[in-house]
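> what would the 3D arrangement of this be:
(2 chains)
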Amino acid sequence: MKVSYLNDEFFSRLETLALNLRANLAGYFGGKHLVKTYGQTVEFADYREYMLGDDIRRIDWNLYSRFEKYFLKLFTDERQMHVQIFLDCSASMQKESPQKAAYAIGVAAALGFLAVHNMDKVSFNLIKKDKAENNNGMIVGKTTFFKAISDLENIEFADEADLAAAITSSQNTGTNDGLTVIISDFFSENDWKKAIDFLTYKRRQVLLVQVLSLDEVDPSYSGRVHMIDAESGDIADSRNMRIRITPSMQEAYQEALKDYIADIKQFCVSRGADFISVSSDQPIEKVLFGELFKVGIME
Amino acid sequence: MTLANILGLLGLLSIIGLIIIYIIKPNFQQKFVSSTFIWRLSLKYKKRRIPISKLRNLLLIICQLLILTSCSLILAQPVRATDPTLDYIENIYIVDASVSSMALSRNPENTERPVTSRFERSIQQIKERVNEVFETDENGKISIILAGDEAKFLTFNVGGSGSMQVNRVTKDMESDDGAYLSALNIALDNIIQDVAIKPLSRDDNNLSKYCTYGSADVEGAMELADDVLRLNPDAEVFYFTGKEYKGAIDNLTVVDVGTDTERNVAILDGSATLNVNGTYVFTVDLAIYGADARATVYFTAEGVNANPKDEDNLNGKDYLGTDITSSDNMYCPEPIEVDLKAGETTRITFDTWEDLITDEERERYKDNPEDIVPADPRVTYSFKSVTAIVKLEGVTEFQFYDALTFDDEFRFYGGEVPNLDILYVSTLPNPFMKAIDSIWRSLNANVWNINVTEMTYDTYKATPEAYLADLYIFEHAVPPEVPEDGIVFLFDPEIDVSTSSSTTRYEKYGLQYLGQVGNADDENGDHIAWDSAIPIEMTEVKHPLNSHIAGIFDSTVQEVKTTKYTRLGAFDDNFEKFQVLASIHYDGNNDPALMINDEDGIFVMTFDIHATNFAMKPAFPEFMIDLFDHFFPQTLSRYSYTVGDTVSFNAFAKKVDWASRTKDSMRGDEDAQPFETFPASLKLNEWGTYTLTQQLKSSVQVKTQLYAKIPSSESDIKNVAGNTIEGPHVSKVEEIPYEDLLIWFAAALVALLFAEWWLQSRDNF
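Numbering: from 1, shown residues only, chains lettered A, B, ... in the order given. All right, here's what the predicted structure looks like:
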């Protein structure tokens, strides 16, 4: 059964929101994000003394009459942000829980919409195996965005995904020019931490969104279970396991999951990245208006 | 519990089905999950499993198995078999048939039977009780058990409408329905008449036909009583005995058949010990039961210092003390009188040196012991037998006054050390062998009288048939004929083998001559240097002597070598006869060094004792002592036993044609009991003297005597102090609600249910 969060009502509720960027931005195109550098906007920012080579048209002659010194008027600058969204398209995101995949797509679409709505650029990178595919290129404007969204809804979640390899080998990650969002369940032994290190090295603001299904948050099955990993190729895969699930085992699972999430969070804090973990059974609005507000990504 | 419908147990086959279901049951449900990564992490968080968890996993199948078993048993209908017709009287009579039941007591008022035995009175009372039972209840049953040396039924569960089952003693009692009571009365009357004491002689009765000379097998009797009680647990058990049991006795009624007039004087035990000066001291323990009395002990010594009896051996020596009369070396010293107190033990010592020899005579002995002492029978250095008899003084009708006469006498044997002749033949003088002779003599002085004859081989081979011995030791020589009447030791059997006839000598010993190694056969005729001497090693053959030579041939501790030896093998089919205890590895050959043939009594040492360090090892004398003890074990380790004992005895020098035992009794010697394998066992069922006769290969007969006395506890005819009887073990019928096995199954099921519930509750919280 196909599940989708993407409809007009969903997007109309996002129109009042905007993405907030804490980091400085580099680039040439103007946008809506105030940066620390001075630019050509009409909003006064500061004065500074004239230096040889400055445009004499920007000298404030009123101040010269008062102090008999040349001062220039400085104005604030606003630039366009590039939002890169990396979506984990491995089998574990959909195989047993279509709602989990739809939820992940919904989060990606919501963040993308916020970007284009605020005149930012957005690109959707689909992580499949060790590659990041960007079929829609850089998206600017809502027309292109909605076209891309319709493609997103038809993504096939299959095989494995190597987040680190895909992100570090991505062609256009940019440098100091915006926000990178990684949407995944992070249930992987691959060293995704390398990807975070790579992105922080590139001075991009990083947001990790962990999407979990209800069964992953609170496993409802018990007894003797032969667990076949969603990403495993065959029954003999080493990731498959036979286990007798007892209440005490379920307790151990909860403890392990809690510690794993805490581990991700601690790593993100150490790298200046943001992290949220959401369950697909929660209303998606709660993520957008709750969790993202908490971490300060949204304003 | 028995099963009324045993086919119900076929239900147990369902257990097989259950097990098959468990085997083929899909144990794991498959599930696709994306969180195996977290599950794997969670294994580290899993609490340590407690050992009971394994049991918990099996609880379900255990419960199911128990349920199936319970159902099967229910189908099989377990029932307790009970006889619905047990409303009759049944008595079990156990008769004490120990030697104490042969005790007589006088009753002068009863002119018809002035003297009766306990056994007779027991049977008489049983007869009366039997008639009472059947007068009271015509369906009653009785069983009579005789507790002799081995308990047995006289009658088993007799009565009712069943035909009688009887053993050999009362086989004439077999009877058809209805006639059992009269037949039983006749049989019991016959026994009473059989054991009745005749007016003039107490010996003319048949008590020993029914009673043992030892103790009663009370335990066996109780087991037989249990057999009856299993059929009818309400049966009453009566034990007829004259002894008093002080302990508590369950499920048993003791009927006292003793009387107040019973008296018994006894020699409880005796011992003969050697003084430091070589003379014997005889000790007997006397006791009287029933009354105080004055008794006299008579010692009679026979065959005292028998060897000097021969006039030739006397050689002019004189007896000491002219008042001694000696005939066949028999000597009767003055009787010893003693006052005995009832129930107390009095020890009488008869010291042939201290008691009989005056100080003046003792001085003369000291001055000239060799000439005089051995000829005086009062000074007992050796004896054939000594008899001690106790008699009560001042008692009229003595023969009926003393309840038991079997314990009035005690005989001492073992006072003669048997001769053992050793013939040592050698071509060279050998101080080692003389030392060994000396050791053998000193260590076995109390066991063997060893006589060693030494001669050269030339002397021997001139007339070998003239020299007979129990042990032949040939050194550096192999006689052409094997002496068959004794054990043969061949030390360094080197001979002149220049002629083929010489090698055939070996073949008569079961050996094959293969040549000489060492200085005898050295190509240059030189002695082999000690450094190049050949080591001797112990083999892994299992033999009693191996354990003793292990210390000698342990190459890690010390090395035994020889510079020359004779290479020998086994001839023809003698391989299995010889066991090689030590061997020599030389020039690719594995030659025997020490060989033993226990079947023919041959020991071979293939190397020269002069050409080895074997004799210089501290353990060498031990080995030679063991070798001697192996071939010459003592026939008997002691000479006094108790009726009921089993005696183990060895063959004289391991070379006898046959052996037998005879029993000296009042009725004359009994038939001989033959023995063929040794050590042999002999069960002593009667009191008195047993004679073991062994016919040696040399046709000489060696006789050894031993004495069996009745148990001291039986002499105490009244009390069995501190003893109690382990009564019948089958108790009377009581309703035991939990006897049924199903109750236990149900209890186990409930317990397991609670166990599972508890374990599950642990998991949930």
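> could you use CA atoms for every contact and neighbour count after this?
Fine.
> okay, which residue is most central for the chain?
The chain I'm using is chain A. In chain A, the centroid-proximal residue (CA atoms, centre = their mean) is residue A:181; its distance is 1.5 Å.
> not what I meant, chain B
residue B:646 (3.7 Å).
> for residue B:628, which non-adjacent residue is spatially closest?
Nearest residue to residue B:628 in three dimensions, chain neighbours excluded: residue B:440, at 7.5 Å (CA to CA, 6 or more residues apart in numbering or on different chains).
> please list all residues in contact with residue 110.
In the absence of a named chain, chain A is used. Residues in contact with residue A:110 (CA atoms under 8 Å, 6 or more residues apart in numbering or on different chains) are A:11, A:14, A:288.
> quick check: it is in a helix.
Yes. The assignment for residue A:110 (DSSP: H, G, I helix; E, B strand; the rest coil) places it in a helix.
> quick check: it vs residue A:287, distance?
10 Å (CA to CA, to the nearest Å).
> got it, and residue B:705?
114 Å.
> who in chain B is up against chain A?
Within chain B, the positions near chain A by CA under 8 Å from any CA of the partner chain are B:27-39, B:41-43, B:45-47, B:763-764.
> the residues you listed in strands, which ones?
In this view, those that belong to strands under DSSP state E are B:29, B:30, B:31, B:32, B:33.
> contacts for the strand or helix carrying the residue nearest to residue B:628 next, please.
According to DSSP states H and E, residue B:440 maps onto helix B:431-443. Identification of contacts with helix B:431-443 by CA under 8 Å, 6+ apart yields B:448, B:449, B:450, B:452, B:615, B:621, B:624, B:625, B:628.
> if we can go back for a sec, quick one: pLDDT of the residue nearest to residue B:628?
Confidence at residue B:440, expressed as pLDDT, is 82.
> what about it, how many neighbours?
Residue B:440: 18 surrounding residues under other CA atoms under 10 Å in any protein chain shown.
> quick one: it from residue B:488, how far?
16 Å.
> cool, and residue A:173?
In this view, residue A:173 and residue B:488 are 110 Å apart by CA to CA.
> same deal with residue A:158?
98 Å.
> looking at those two, which is more packed in?
Neighbours per residue (other CA under 10 Å) separate residue A:158 from residue B:488, with residue B:488 holding more: 24 against 18.
> for the host helix or strand of that one, which strands pair with it and how are they oriented?
Per DSSP H and E: residue B:488 is located in strand B:487-491. Within its sheet, and counting by DSSP bridges, strand B:487-491 is paired with strand B:471-475 (parallel), strand B:602-605 (parallel).
> relative to the whole chain's centre, how far out is it?
Taking the mean of its C-alpha atoms, strand B:487-491 sits 33 Å from the chain's own mean (CA atoms, centre = their mean, to the nearest Å).
> got it, and stretch B:483-494?
With CA atoms, centre = their mean as the basis, the mean position of stretch B:483-494 lies at 34 Å from the chain mean.
> end-to-end on that stretch?
End-to-end distance of stretch B:483-494 (CA to CA): 18 Å.
> got it, and stretch A:78-91?
End-to-end for stretch A:78-91, by CA to CA: 41 Å.
> returning to what we had before: how much space between the residue nearest to residue B:628 and chain A?
Residue B:440 is 80 Å from chain A, where distance means CA to the nearest CA, to the nearest Å.
> please apply the same query to residue B:663.
In terms of CA to the nearest CA, residue B:663 sits 82 Å off from chain A.
> state whether that residue is indeed within a helix.
No. Residue B:663: not assigned to a helix; according to three-state DSSP it is strand.
> what is the helix-or-strand element of chain A with minimal mean pLDDT packed up against?
Taking mean pLDDT, DSSP states H and E as the measure, strand A:30-49 is the helix or strand of chain A with the lowest mean score, a mean of 74. Other elements packing on strand A:30-49 under the criterion 3 or more CA pairs under 8 Å, 6 or more residues apart in numbering or on different chains; DSSP states H and E are strand A:71-79.
> what about the helix or strand that the strand it packs on is followed by, near chain B?
For strand A:71-79, the following helix or strand on the C-terminal side (DSSP H and E) is strand A:82-88. No. Judged by CA under 8 Å from any CA, strand A:82-88 makes no contact with chain B; its nearest approach is 13.0 Å.
> which helices and strands does strand A:82-88 pack with?
helix A:98-117, strand A:121-128, strand A:178-184.
> may I have that strand as CSV, with CA atoms only?
The C-alpha atoms that make up strand A:82-88 are tabulated as CSV, following Å, rounded to 0.1, in the frame of the first residue of the first chain:
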residue,chain,number,x,y,z
HIS,A,82,22.1,25.7,-1.1
VAL,A,83,20.2,22.9,0.7
GLN,A,84,21.4,19.4,-0.1
ILE,A,85,19.2,16.6,1.0
PHE,A,86,20.7,13.1,1.0
LEU,A,87,18.0,10.4,1.2
ASP,A,88,18.9,6.8,2.2
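> residues touching that strand, excluding its own?
A:104-105, A:108, A:112, A:115, A:120-128, A:132, A:161, A:163, A:167, A:173, A:177-185.
> what strands line up against it, and which way round?
Its sheet considered, strand A:82-88 pairs with strand A:121-128 (parallel), strand A:178-184 (parallel) by DSSP bridges.
> before we move on, back to that, adding distance to residue B:410 and mean neighbour count, write the strands paired with strand B:487-491 out as TSV.
Output for the strands paired with strand B:487-491, formatted as TSV (distance: least, CA to CA, whole Å; neighbours: other CA atoms under 10 Å in any protein chain shown):
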stretch	distance to residue B:410	mean neighbour count
strand B:471-475	35	23
strand B:602-605	41	22
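> turn those strands into a markdown table, including distance to residue B:285.
Shown next, in a markdown table, are the strands paired with strand B:487-491 (distance: least, CA to CA, whole Å):
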| stretch | distance to residue B:285 |
| --- | --- |
| strand B:471-475 | 41 |
| strand B:602-605 | 46 |
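> could you dump these into TSV with mean pLDDT added?
Below are the strands paired with strand B:487-491 laid out as TSV (pLDDT from 0 to 100):
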stretch	mean pLDDT
strand B:471-475	90
strand B:602-605	92
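> tell me which two of the ones in strands among the residues of chain B next to chain A sit farthest apart.
The largest separation in these, counting by CA to CA, is between B:29 and B:33 at 12.3 Å.
> any stretches of chain A with poor pLDDT?
In the predicted model of chain A, residues A:1-3, A:18, A:20-34, A:190, A:298-299 satisfy pLDDT under 70.
> and it, what are its domains?
With domains defined by automatic domain parsing, chain A comprises A:8-25+A:81-295, A:30-79.
> so can I have TSV of these showing distance to residue B:535?
Output for the domains of chain A, formatted as TSV (distance: least, CA to CA, whole Å):
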stretch	distance to residue B:535
domain A:8-25+A:81-295	65
domain A:30-79	104
